[in-house]
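Novice: Here you go, sequence then predicted model.
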Amino acid sequence: MSNAQSLLIAGFRNTRSTLKRYTRPNYWEGPSNSQEFLVSGSIAYPAVGVETTIIAYNVPSGYIGRLRWLWITHIGGNPPDGTGQVIWRLRLNGAALNGFGNLQFQVGSSNGAAFGAGMPISSVELAQGDVLTATVTTTVAQVGGVMTASQFHGWVVSAAAQGGMQ
């Protein structure tokens, strides 16, 4: 090994030992100063062809965050899963989120009127002023006192405390 090669390797080892290790942010739990939000509600199915909001969450001014869990469920009677009779949507500022614009199956589960296991989601980033909504549209009248319900569970944190909007 030449003298130049030895110096190059020694320099590489020095550089490598001084580099900081990258730590991935914890999108699941959020920063230690984050605040959880939990929004839930239920409605009777709307008239055929009318897209109706089940629940909505407005991100407070000056905050950023993430949606952690999502439930969109049917309550009562035979579930309409896969029939095309009920279409659920998850919208952010009015636009359907990718993969959530034409849901024909429940997301998560419900045990009667109580929410069961939800669907973990960590890819939905929220910024100040964002409006997250769960909506439902029916293509066939739903009878017999059946309802639909939804729940959002996530966290928000002051954007200023995190170094600004991301």
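Specialist: Now that the structure is in, tell me what you want to look at.
Novice: What residues does the most centrally placed residue in the chain make contact with?
Specialist: Note on the chain: the residue nearest the mean C-alpha position is Leu67, at 3.3 Å, using CA atoms, centre = their mean. Each residue near Leu67 by CB atoms under 8 Å, 6 or more residues apart in numbering is listed here: Ile121, Ser122, Val124, Leu126, Leu132, Phe152, His153, Gly154. All C-beta atoms are positioned from the backbone trio N, CA, C, and that covers glycine.
Novice: try 7 Å
Specialist: Shown in contact with Leu67 (CB atoms under 7 Å, 6 or more residues apart in numbering): Ile121, Val124, Leu126, Leu132, Phe152, Gly154.
Novice: Could you report the pLDDT at it?
Specialist: pLDDT for Leu67: 92.
Novice: Is it located within a helix, as I assumed?
Specialist: No. If the criterion is DSSP: H, G, I helix; E, B strand; the rest coil, then Leu67 is strand and not within a helix.
Novice: Is Val140 part of a helix or strand, or is it coil?
Specialist: Applying three-state DSSP: Val140 is coil.
Novice: Hmm, it is touching Gln85, no?
Specialist: Yes. Between Val140 and Gln85 there is a contact under CB atoms under 7 Å: 4.3 Å.
Novice: Which one of these two is surrounded by more residues?
Specialist: Neighbours were counted for Val140 and for Gln85 using other CB atoms under 10 Å; Gln85 has more, 17 against 12.
Novice: All set now, cheers.
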